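> let me see the structure of the following:
(chains A, B, C and D)
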Number of protein chains: 2
Amino acid sequence: MSKQILTVGTSVYQQIKRDIIFGDLEPGSNLKLNGLKSRYAASLSTLRETLSRLASEGFVEAPEQRGFFVTPVSAEDLTEIADLRILLECHAIEQSVALGDVDWEGDLVAAHHKLDLSERQMLSGDHSEKEAWKRYDWEFHLALIQACRSRNLLDVHSIVFDKYLRYQMLVLTYRGEEAVREHRKVFELALARDVKGTRAALEEHIMNGLNHTLRRLAGSG
Amino acid sequence: MSKQILTVGTSVYQQIKRDIIFGDLEPGSNLKLNGLKSRYAASLSTLRETLSRLASEGFVEAPEQRGFFVTPVSAEDLTEIADLRILLECHAIEQSVALGDVDWEGDLVAAHHKLDLSERQMLSGDHSEKEAWKRYDWEFHLALIQACRSRNLLDVHSIVFDKYLRYQMLVLTYRGEEAVREHRKVFELALARDVKGTRAALEEHIMNGLNHTLRRLAGSG
DNA sequence: TCTTGGAAAAATATCGGAAATTTTGAGCGC
DNA sequence: GCGCTCAAAATTTCCGATATTTTTCCAAGA
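Numbering: from 1, shown residues only, chains lettered A, B, ... in the order given. From the prediction side, this is the model:
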């Protein structure tokens, strides 16, 4: 729980990434260095360093000599990202469910419990804790695949997951009851060590989320 | 063919990445900023920016407050990367072979031809053009999956491919005749639009490369 | 009116140095 | 000999200033 003392660079990196994912920095918008300088209280060099990192992860575009932009959104991009997430996460969950040990099960139970609590709160109409819900959702999906034995796979997945999350945050709506059921189903199949079943349930969960988000994205604009 | 005028940052980025992939910067070695400054003729800020990018791609490690290191190598890491490459590239090639149009076929034929020439030169004992061979190998594999219709997938793949390549360069040896045959087989199955066949041939090609590289890696230590 | 040229303004890219942190190593007590 | 402390050295982190490039805008000519 204790917060490590952060360097300015890391702190600014986390803030900007968060602001992009939560839509506080609008997709496609121009990130003027001087503007960011006052907003995030860091020097130009530090900001450039941060934006370069985000650019290589794909949250920012950095055309040579003409600054930085928040990566735009589009239905095609969302579809690609969801496909990629399915490819990576479904592969990882198969490995993980097959290989996970007792500690993995314990962490998974804990993560699901916290997500469940948070989703019930959202269901009851209290959307104030969107950021907390986002964290629990992430931690649940991470717990599922944690035992896959590939750091490289987990690293790539986490970036794709965050990109997917930006779209979810953008449409602002919560799928409710349906998502709760899907999470529970994946959870139970994973504990039962049903490799193929878990995989199928996860794929369905992501596809449903994609369709939901695509509809809202088209609806708003 | 014309070379764009590059910014210092981009130029240094390409040089350092190349030096890591080709082993001129040793795995695990400490990248002292002042040392790099004279070697690559750039300021500290520019170098930090570059190293941050490479760190987020995974070629460099950047523990907080204690500098930068070339990412170490290990048999486990190589195995993970090969698995990831199979996951991504085999998925992409299925899409690509199914969807590719006439232009795709044309580019593929050209890429295979150039790779074939380069490999024959390597076979005849002339290893002077290792860097050119590397480029042709990359361009061939890229041409194969180019029509997959997912920029996101291609972007992730290119990083994983480069990481795999570093291990190949590290062991220095060329698989020769065998690799030539495998490339030709993948090429012909792709042109024949045999989706599953191409996929299987590609997977076999990567697995053979992995085993070859793993043996050499263990051998040299 | 439309296009073109080209300064003025704005923004980015790069650098060198100051501040903060980690590493080194010599001296001291046990 | 071994570990500990603390200051010196090395290194990383961060910022302000300069150089370069792009963008804006206005006027002149077709």
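> from here on, just use CA atoms for contacts and neighbour counts.
Noted.
> residue A:169 reaches residue A:23, doesn't it?
Yes - Residue A:169 is within contact range of residue A:23, at 7.0 Å (criterion: Cα atoms under 8 Å).
> low-confidence bits of chain A, can you list those?
Filtered on pLDDT under 70, chain A yields the residue ranges A:1-4, A:220-221.
> what's near enough to touch residue A:28?
Contacts for residue A:28 were tallied using Cα atoms under 8 Å, 6 or more residues apart in numbering or on different chains; they are A:69, A:70, A:71, A:72, A:73.
> next step: those residues restricted to strands.
If you go by DSSP state E, the contacts of residue A:28 have A:69, A:70 in strands.
> just the buried residues from the contacts of residue A:28, in ChimeraX please.
The buried residues among the contacts of residue A:28 can be selected in ChimeraX (16 or more other Cα atoms under 10 Å in any protein chain shown) with this line:
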select /A:69,70,71,73
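> residues in contact with the residue in chain A that chain B sits nearest to?
Going by Cα to the nearest Cα, chain B is nearest to residue A:49 of chain A, at 4.5 Å. Counting by Cα under 8 Å, 6+ apart, residue A:49 makes contact with A:9, B:48, B:49, B:50, B:52.
> give me phi/psi at it?
phi -60, psi -50 (degrees, to the nearest 10).
> in helices, which of the contacts of residue A:49 appear?
Using DSSP state H, the members of the contacts of residue A:49 that fall in helices are A:9, B:48, B:49, B:50, B:52.
> quick check: the farthest pair among those?
A:9 and B:50 (14.2 Å; Cα to Cα).
> which one's more surrounded, the two?
Taking neighbours as other Cα atoms under 10 Å in any protein chain shown, residue A:9 and residue B:50 compare with residue B:50 leading, 23 against 17.
> roughly how far does the more buried one sit from residue B:108?
33 Å (Cα to Cα, to the nearest Å).
> could the contacts of residue A:49 go into CSV alongside distance to residue B:189?
Output for these, formatted as CSV (distance: Cα to Cα, whole Å):
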residue, distance to residue B:189
A:9, 49
B:48, 45
B:49, 43
B:50, 40
B:52, 41
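> and those residues near DNA strand D, which?
With the criterion set as Cα under 7 Å from any atom of the strand, the members of those near DNA strand D are residue A:9.
> flag every buried residue along the helix or strand encompassing residue A:106.
Taking DSSP states H and E as the criterion, residue A:106 maps to helix A:102-123. For helix A:102-123, the neighbour count (16+ other Cα under 10 Å) marks A:104-105, A:107-109, A:111-112, A:114-116, A:118-119, A:122 as buried.
> cool, stretch A:156-167 as well?
For stretch A:156-167, a neighbour-count test (16+ other Cα under 10 Å) marks A:156, A:157, A:158, A:160, A:161, A:162, A:163, A:164, A:165, A:166, A:167 as buried.
> for stretch A:181-194, same thing?
Buried residues in stretch A:181-194 (16+ other Cα under 10 Å): A:182, A:183, A:184, A:185, A:186, A:187, A:189, A:190, A:191, A:193, A:194.
> cool, stretch A:44-51 as well?
For stretch A:44-51, a neighbour-count test (16+ other Cα under 10 Å) marks A:45, A:46, A:47, A:48, A:49, A:50, A:51 as buried.
> and it with DNA strand C, contact?
Yes - for stretch A:44-51, a contact with DNA strand C is found by Cα under 7 Å from any atom of the strand, at A:44, A:45, A:48.
> alpha carbons of that stretch, as CSV, please.
Only the C-alpha atoms of stretch A:44-51 are listed here, as CSV (Å, rounded to 0.1, in the frame of the first residue of the first chain):
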residue,chain,number,x,y,z
LEU,A,44,10.1,20.6,-21.5
SER,A,45,12.7,17.9,-21.4
THR,A,46,10.9,15.9,-18.8
LEU,A,47,7.6,16.2,-20.8
ARG,A,48,9.2,15.2,-24.0
GLU,A,49,10.6,12.1,-22.3
THR,A,50,7.2,11.2,-21.0
LEU,A,51,5.4,11.8,-24.3
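> just checking, what packs against the host helix or strand of residue A:164?
Using DSSP H and E, residue A:164 sits in helix A:151-171. Judged by 3 or more Cα pairs under 8 Å, 6 or more residues apart in numbering or on different chains; DSSP states H and E, helix A:151-171 is in contact with helix A:8-21, helix A:75-99, helix A:195-220, helix B:75-99.
> how about the residues of chain A near DNA strand D?
Residues of chain A lying close to DNA strand D (Cα under 7 Å from any atom of the strand) are A:7, A:8, A:9, A:10, A:41, A:42, A:43, A:44, A:45, A:46, A:65, A:66.
> how deep is the second one tucked in, by neighbour count?
The one in question is residue A:8. Residues lying near residue A:8 (other Cα under 10 Å) number 14.
> residues contacting it?
Neighbouring residues of residue A:8 by Cα under 8 Å, 6+ apart: A:42, A:46.
> please report how far it lies from residue A:49.
The value you get for residue A:8 to residue A:49, if Cα to Cα is used, is 11 Å.
> residues from chain A in reach of chain B?
Contact residues, chain A versus chain B (Cα under 8 Å from any Cα of the partner chain): A:7, A:45, A:48-50, A:52-53, A:56-57, A:64-65, A:77, A:80-81, A:84, A:87-88, A:150-153, A:156.
> select only the buried ones of those in ChimeraX?
Filtering the residues of chain A next to chain B down to the buried ones (16+ other Cα under 10 Å) takes a single ChimeraX command:
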select /A:45,48,49,50,52,53,56,57,77,80,81,84,87,88,150,152,153,156
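> from residue A:155, how far out is the residue nearest the centre of chain A?
Residue closest to the average C-alpha location in chain A (Cα atoms, centre = their mean): residue A:162, at 2.9 Å. Distance of residue A:162 to residue A:155, given as Cα to Cα: 11 Å.
> residue with max distance from the center of chain A?
Centroid-distance maximum for chain A: residue A:65 at 30.2 Å, with Cα atoms, centre = their mean.
> contacting residues for that residue?
By Cα under 8 Å, 6+ apart, the residues touching residue A:65 are residue B:7.
> in a strand, that's where it is, yeah?
No - read with DSSP: H, G, I helix; E, B strand; the rest coil, residue A:65 is coil and lies in no strand.
> residues in contact with the closest residue to residue A:21 other than its chain neighbours?
Nearest in space to residue A:21, with sequence neighbours left out and distances taken as Cα to Cα, 6 or more residues apart in numbering or on different chains, is residue A:166 at 4.4 Å. By Cα under 8 Å, 6+ apart, the residues touching residue A:166 are A:20, A:21, A:22, A:23.
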